[in-house]
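Chemist: Sequence plus predicted model, see below.
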Amino acid sequence: MLYREAGQFKTTYAADQQLFPIRQDRIGVLVLLAVAFFGVPLLASEYWFSAILIPFLIFALAALGLNILTGYAGQLSLGSAAFMAVGAYAAYNFQLRIEGMPILLSFICGGLTAAGVGILFGLPSLRIKGFYLAVATLAAQFFIVWCLTKFPWLSNNSSSGVISTQQLIILGYELKTPVEKYLLVLSIVVVLALAAKNLVRSSTGRAWMAVRDMDVAASVIGIKLMPTKLLAFAISSFYCGVAGALYAFCYLGSVEPDGFSLEMSFKILFMIIIGGVGSIMGSFMGAAFILLLPIFLDVALPFLAGIFGLPFSSATVSHIQILVFGALIMFFLIVEPHGLARLWQIAKEKLRLWPFPH
Amino acid sequence: MSKKIGDVILDLQNISLRFGGVKALTDISFNVRQHEIRAIIGPNGAGKSSMLNVINGVYHPQEGQIFWHGQERKRMEPHMAAQQNIARTFQNIALFKGMTVLDNIMTGRITKMKANFIEHALWFGRAKNEELEHRKKVEEVIDFLEIQHIRKTPVGRLPYGLQKRVELGRALAAEPSMLLLDEPMAGMNVEEKQDMCRFILDVNDQFGTTIVLIEHDMGVVMDISDRVVVLDYGKKIGDGVPDEVKNNEDVIRAYLGAGH
Ligand SMILES: Nc1ncnc2c1ncn2[C@@H]1O[C@H](COP(=O)(O)OP(=O)(O)O)[C@@H](O)[C@H]1O
Ligand SMILES: [Mg+2]
């Protein structure tokens, strides 16, 4: 009885079409935001900000970007990390080469550059689908990383393409501490997540899902496939690009092209598989899960080994990590393709009826 | 009956369509008049679905001409049919499986919605008002088809008969001037068929929508259509009002020969 929509009758279509139509969801989101903006800065330690919360938000943003493309528009991509790299390097160059460029504008321009590159690598999607498209985006992954290493201009002639990001100055104030960076990242991610939520509940999102579910029917209805798919590539890459810029400027401070590896692209893909394909919230859940699981195993495995008196090495931990990841991904692909977000939904539906099972 | 029917709005002349060596349609001519219910019948594989695909630009015939409101039509892409107010349903249900009934039907109005993605993302300008305005229209369709109770259900979870109805709803949401229905009653029970018949007649009657209908149930076809064209192996073997067609010897032979 804690979570009920009974009694909340919608008397207008406007009420029914709100961002979060169910009151408990609205309250839940507000509480979550309040905690994230005001509670966490008071409670969390520096380690938590720089090692867990900031990367979590950044990867959630990248996963959200991939989810727009793969989850909503149905176009598989293995190039997310490369689009992050474009965002990071573009933002760096805008800061470097334009006098007095505001940092936020650099992030946006980084995102826009990634969007442009995304459109370019999205062009094959007009001809090919599924597995073959994934291979084409794989080409993007390798090509972009290669370019960043190959053309020194892009990294201001630094050796092997390493860049060290500029200071974060907003309206004359320099953000230095982890908590300040966290708040900046959080604000950007919240704004972009709300924008994504708006997109997917509007006709832009419906066009994407229509193309994903049945492209012939979509075009017969009047949806033009080419602009619809390319818009998905553009917006998805914009999100990844901004995530990349934040990754460089607010998380690591110094990045190299090889850091944006295929492995990272896969990590982002696993986030949406585990979190939920075609779910905004799932992107956050998946990112949290994938980032926290290794930390959890690091602590839990030696502890378990100790209890059972088993021999133990750090190599074992990483092997077990891989096993657990593999098992989870297979579980979600086969048993629950809509991921953690769907499990959460089922839990809510149960709660709605609780304590009466029928 | 005949007084409501207007001029010829769609005229197909000498249409031939081949897939490699397969002749799906051979030299077919027929026309559709405004406000009529025009049935296409024939055994399986006769080329009926191909005919609809030619009309709305999914297939491109190798030969022949198509006149739409008196103007010869150039090569057409499917999304242009929507702009010309032609909507359709498919023989094998082609709903958007991951979306709710409401969203599926809302998608039917997509060409009428003008807000761009930036307005959508920021939920300002036309985005919000359009969503409300079109929701109203969609609710009218939902009421018309009596599917209020399943509005928020993902279509994948609905039984077959209701899915067919939702697909009709998605087509109707576009307020089409011409509606192409590919076997809308296939696989339905008697009651569902009656409902569907009633909806088709009401659409034709209340909104004046021209309907091109493929249907196997002869009872239904003879009952509701104004004129019938009969195809067999991609050729036209009969064309006329139901009574004429019923007594046409070629038609009887084709149907008996095909084991119907
Ligand atoms: N896309 C296609 N590719 C190849 N052959 C096709 C295609 N569509 C239809 N055909 C062929 O055209 C013929 C007519 O098919 P169809 O129009 O579906 O018949 P009907 O709807 O009357 O059962 C069949 O022989 C079918 O195999
Ligand atoms: Mg057919």
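Modeler: All right, it came through fine. Ligands and ions are numbered 1, 2, ... in the order given.

Chemist: Show me which parts of stretch A:122-132 are buried, residue by residue.
Modeler: A:122, A:124-125 (16 or more other CB atoms under 10 Å in any protein chain shown). Yep, even glycine has a C-beta here, placed from its N, CA and C like the rest.

Chemist: Need the distance between the two termini of it.
Modeler: Taking CA to CA, to the nearest Å, stretch A:122-132 runs 12 Å from one end to the other.

Chemist: A:Ser155: what's it in contact with?
Modeler: The contact partners of A:Ser155, by CB atoms under 8 Å, 6 or more residues apart in numbering or on different chains, come to A:89, A:92, A:148, A:161-163, A:257.

Chemist: Now rank those by neighbours and give me the top one.
Modeler: Each of these was scored for neighbours by other CB atoms under 10 Å in any protein chain shown, and A:Tyr89 scores highest at 28 neighbours.

Chemist: Tell me who's in contact with it.
Modeler: Counting by CB under 8 Å, 6+ apart, A:Tyr89 makes contact with A:110, A:148, A:154-155, A:163, A:257.

Chemist: One more pass at 7 Å, please.
Modeler: When contacts are counted by CB atoms under 7 Å, 6 or more residues apart in numbering or on different chains, A:Tyr89 touches A:148, A:154-155, A:163.

Chemist: what do you get for B:Val8?
Modeler: By CB under 7 Å, 6+ apart, the contact set of B:Val8 is B:31, B:33.

Chemist: one more time with 8 Å, if that's ok
Modeler: Applying CB under 8 Å, 6+ apart to B:Val8 gives the contacts B:31-34.

Chemist: Drop anything exposed from these.
Modeler: The neighbour-count test (16+ other CB under 10 Å) marks B:31-34 as buried among the contacts of B:Val8.

Chemist: Specify which member of these is nearest to A:Leu230.
Modeler: Comparing these against A:Leu230 with CB to CB picks out B:Val32 as the nearest, at 35.9 Å.

Chemist: State the phi and psi torsions of the closest one.
Modeler: phi -130, psi 130 (degrees, to the nearest 10).

Chemist: Just want the most central residue of the chain.
Modeler: Went with chain A since none was named. A:Ala63 (2.2 Å; CA atoms, centre = their mean).

Chemist: The chain in question should be chain B.
Modeler: Centroid check for chain B by CA atoms, centre = their mean gives B:Leu180 as the closest residue, at 1.6 Å.

Chemist: Report how many residues lie close to B:Phe96.
Modeler: Neighbour tally, B:Phe96, other CB under 10 Å: 24.

Chemist: What distance do you get for the residue nearest to it when sequence neighbours are not counted to ligand 2?
Modeler: Nearest residue to B:Phe96, sequence neighbours excluded (CB to CB, 6 or more residues apart in numbering or on different chains): A:Asp213, at 3.9 Å. Note on A:Asp213: its distance to ligand 2, by CB to the ion, to the nearest Å, is 21 Å.

Chemist: burial of A:Asp213, as a residue count?
Modeler: A:Asp213 has 20 neighbouring residues, counting by other CB under 10 Å.

Chemist: now the one 5 residues further on
Modeler: Residue crowding around A:Ala218 was assessed by other CB under 10 Å; the count is 26.

Chemist: is any part of the strand or helix carrying it close to ligand 1?
Modeler: Assigned by DSSP states H and E, A:Ala218 belongs to helix A:215-221. No. Applying CB under 6 Å from any ligand atom, one finds helix A:215-221 out of contact with ligand 1, separated by at least 10.5 Å.

Chemist: Now do the next helix or strand after that helix: which elements does it pack against?
Modeler: With elements assigned by DSSP H and E, the helix or strand that comes after helix A:215-221 is helix A:225-246. Helices and strands touching helix A:225-246, by 3 or more CB pairs under 8 Å, 6 or more residues apart in numbering or on different chains; DSSP states H and E, are helix A:54-66, helix A:80-97, helix A:103-122, helix A:178-200, helix A:203-213, helix A:215-221.

Chemist: what's the angle between helix A:225-246 and helix A:203-213?
Modeler: Here helix A:225-246 runs at 110 degrees with respect to helix A:203-213, directions being taken by axes from the mean of the first three to the mean of the last three CA atoms, to 10 degrees.

Chemist: which residues sit against the helix holding A:Ala218?
Modeler: Outside helix A:215-221, the residues that touch it by CB under 8 Å, 6+ apart are A:207, A:210-211, A:225, A:228, B:56, B:58, B:77-79, B:81-82, B:87-88, B:90, B:94-96, B:107-108, B:110-111, B:170, B:174.

Chemist: OK, contacts around the residue in chain A that chain B sits nearest to?
Modeler: Chain A approaches chain B most closely through A:Gly222 (2.9 Å), counting by CB to the nearest CB. By CB under 8 Å, 6+ apart, A:Gly222 lies in contact with B:79, B:81-83, B:110-111, B:174.

Chemist: which of those residues are buried?
Modeler: The neighbour count (16+ other CB under 10 Å) marks B:79, B:81-82, B:110-111, B:174 as buried among those.

Chemist: Can you tell me which of those is nearest chain A?
Modeler: When these are compared against chain A (criterion: CB to the nearest CB), the nearest one is B:Ala82, at 2.9 Å.

Chemist: show me the contacts for the closest one.
Modeler: A:220-222, B:111, B:174.

Chemist: 10 Å instead, please
Modeler: Contacts for B:Ala82 (CB atoms under 10 Å, 6 or more residues apart in numbering or on different chains) come out as A:219-224, B:56-57, B:88, B:108, B:110-112, B:174, B:176.

Chemist: Check for me that it belongs to a strand.
Modeler: No. Counting by DSSP: H, G, I helix; E, B strand; the rest coil, one finds B:Ala82 to be helix, located in no strand.

Chemist: ok, now how distant is it from B:Phe207?
Modeler: Separation of B:Ala82 from B:Phe207 (CB to CB, to the nearest Å): 17 Å.

Chemist: Since that was my last question, I'll sign off now.
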